[in-house]
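Peer 1: no sequence for this one, just the structure:
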């Protein structure tokens, strides 16, 4: 099942206090970026984030779920109604997220 634009809009509104939040549509789902780094995504109308230590620390009881078949497990964020928590989650995760990969330019 693809994620809805309404759910994406709701999550983006919850994160509106942060600068540099962006997304990219990918096969009916959405990858979320914060300051150019992939934080997680919206899959089947669920907000999933990378399981970095700070996210695990902020959500010690979060469940691990697969965004899609064959992918690595991610943490389910179930407190999406709490704007302050979501912003704090993204801010604390940022330093632990891998830097964006450089794209190879054609020779």
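Peer 2: Perfect, I can see it now. None of these values were measured; they are calculated from a predicted model.

Peer 1: Tell me the pLDDT of residue 95.
Peer 2: At residue 95, the model reports a pLDDT of 95.

Peer 1: And it, how close does it get to residue 50?
Peer 2: Distance of residue 95 to residue 50, computed by C-beta to C-beta, to the nearest Å: 13 Å. In short, each C-beta sits where N, CA and C put it, glycine included.

Peer 1: Residue 78 too?
Peer 2: The gap separating residue 78 from residue 50 is 16 Å, by C-beta to C-beta.

Peer 1: ditto for residue 82
Peer 2: For residue 82, the distance to residue 50 equals 19 Å [C-beta to C-beta].

Peer 1: partner residues bridging residue 32?
Peer 2: When bridges are called by DSSP bridges, residue 32 pairs up with residue 23, residue 40.

Peer 1: re earlier: the more surrounded of residue 95 and residue 50?
Peer 2: Shown here are residue 95 and residue 50; by other C-beta atoms under 10 Å, residue 50 has more neighbours (18 against 9).

Peer 1: Please list all residues in contact with that one.
Peer 2: Remark: with contacts taken as C-beta atoms under 8 Å, 6 or more residues apart in numbering, residue 50 is in contact with 38-40, 74-75, 93, 97.

Peer 1: Please list all residues in contact with the residue nearest the centre of the chain.
Peer 2: Closest to where the C-alpha atoms of the chain average out (C-alpha atoms, centre = their mean) is residue 40, at 2.4 Å. Shown in contact with residue 40 (C-beta under 8 Å, 6+ apart): 31-32, 47-50, 74-75, 77.

Peer 1: from those residues, which ones fall inside strands?
Peer 2: With strands taken from DSSP state E, the overlap with those comprises 31-32, 47-49, 74-75.

Peer 1: what ranges do the helices span in the protein?
Peer 2: Listed in chain order, the helices of the chain (DSSP state H) span 5-14, 53-58, 83-93.
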